[in-house]
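Colleague: From the sequence below, what's the structure:
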Amino acid sequence: IDGWSQSILAKEISHAYHSLLEDCAPIFPELPFVYADFAEWERNFIETEGAQKVIDQWCSTLTPLPDPGSPFPFGVGVAPSHVAVFAGFDFSETETAGFSNLCRDLGITPYVGMVGLWTLVLSEAGSKEKLCVGVPFAGREFPETQRLVGNFVNLLPVVTEVIPGNSLRDHLLKTRDAFL
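Modeller: This is a model prediction of the structure:
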């Protein structure tokens, strides 16, 4: 299940627990449909003309992308160790406030701003100007899915171009446009 569902489950378990403590059967609101209904709707949608339009749009957006290769030089012939490495950094309060203000001025969320910064790092590390990064997407665009438990998470491919000479502001605006 996804993180959104975990929150729903926690609330429902808490409600059930408190109801049972009071010797009452827990009462839950009726759901408009269940996850299986959503899965069936998705399966049926794939066979429609609307789905083909969506597929065509994504194919147009995602091609051609350069061969991703590896943006980080790990050395030729070095066997992967499968050991995770963490590279952390901290923003000062002043830097955080400045970045938040920049994002607000540009009409973007700090999340979109951070994705924009990440694409700059990837572009610099890999010498690529066109990049595709996957960002998690809740997949609950329909009101009926708001209270359902299930796995709605999807990765949304965001394609950005890093144009040499562009300002940070311009790049963040292009990143925002890629999200839209």
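Colleague: any residues touching the longest helix along the chain, and which ones?
Modeller: The longest helix of the chain (DSSP state H) is helix 3-21. For helix 3-21, the surrounding residues in contact (Cβ atoms under 8 Å, 6 or more residues apart in numbering) are 1, 25-28, 138, 140, 147-153. Bear in mind the C-beta positions are built from the backbone N, C-alpha and C, glycine included.
Colleague: can we see that at 10 Å?
Modeller: 1-2, 24-28, 35, 136, 138-140, 145-153 (Cβ atoms under 10 Å, 6 or more residues apart in numbering).
Colleague: Show me what counts as buried in it.
Modeller: Trp4, Ser5, Ile8 (16 or more other Cβ atoms under 10 Å).
Colleague: Could you do stretch 36-49 as well?
Modeller: Residues Phe38 are the ones in stretch 36-49 that count as buried (16+ other Cβ under 10 Å).
Colleague: cool, stretch 95-113 as well?
Modeller: For stretch 95-113, the neighbour count (16+ other Cβ under 10 Å) marks Cys103, Leu106, Ile108, Val112, Gly113 as buried.
Colleague: three-state assignment of the fourth one?
Modeller: The assignment at Val112 comes out as helix when based on DSSP: H, G, I helix; E, B strand; the rest coil.
Colleague: The residue nearest in space to the middle of the chain: what's it in contact with?
Modeller: In the chain, the residue lying closest to the centroid (Cα atoms, centre = their mean) is Pro136, at 2.0 Å. Shown in contact with Pro136 (Cβ under 10 Å, 6+ apart): Asp2, Gly3, Val153, Asn154, Leu155, Leu156.
Colleague: Apply 8 Å and report the result again.
Modeller: Contact analysis of Pro136 by Cβ under 8 Å, 6+ apart lists Val153, Asn154, Leu155, Leu156.
Colleague: and what of Val112?
Modeller: Cys103, Leu172, Thr175, Arg176, Phe179.
Colleague: Strands of this protein, start to end?
Modeller: Ranges of strands in the chain, per DSSP state E, are 130-137, 154-161.
Colleague: who's in contact with the last one?
Modeller: Contacting residues not belonging to strand 154-161 are listed as 58, 61-62, 65, 115-116, 119, 129-137, 139, 171, 174-175, 178-179 [Cβ under 8 Å, 6+ apart].
Colleague: Alpha carbons only: can I get that strand in PDB?
Modeller: Below are the C-alpha coordinates for strand 154-161, written out as PDB (Å, rounded to 0.1, in the frame of the first residue of the first chain):
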ATOM      1  CA  ASN A 154       3.000   6.000  -9.700                       C
ATOM      2  CA  LEU A 155       6.200   7.500 -11.100                       C
ATOM      3  CA  LEU A 156       5.600  10.600 -13.300                       C
ATOM      4  CA  PRO A 157       8.400  11.100 -15.800                       C
ATOM      5  CA  VAL A 158       9.500  14.800 -15.800                       C
ATOM      6  CA  VAL A 159      11.600  15.800 -18.900                       C
ATOM      7  CA  THR A 160      13.600  18.900 -18.500                       C
ATOM      8  CA  GLU A 161      16.200  20.500 -20.700                       C
END
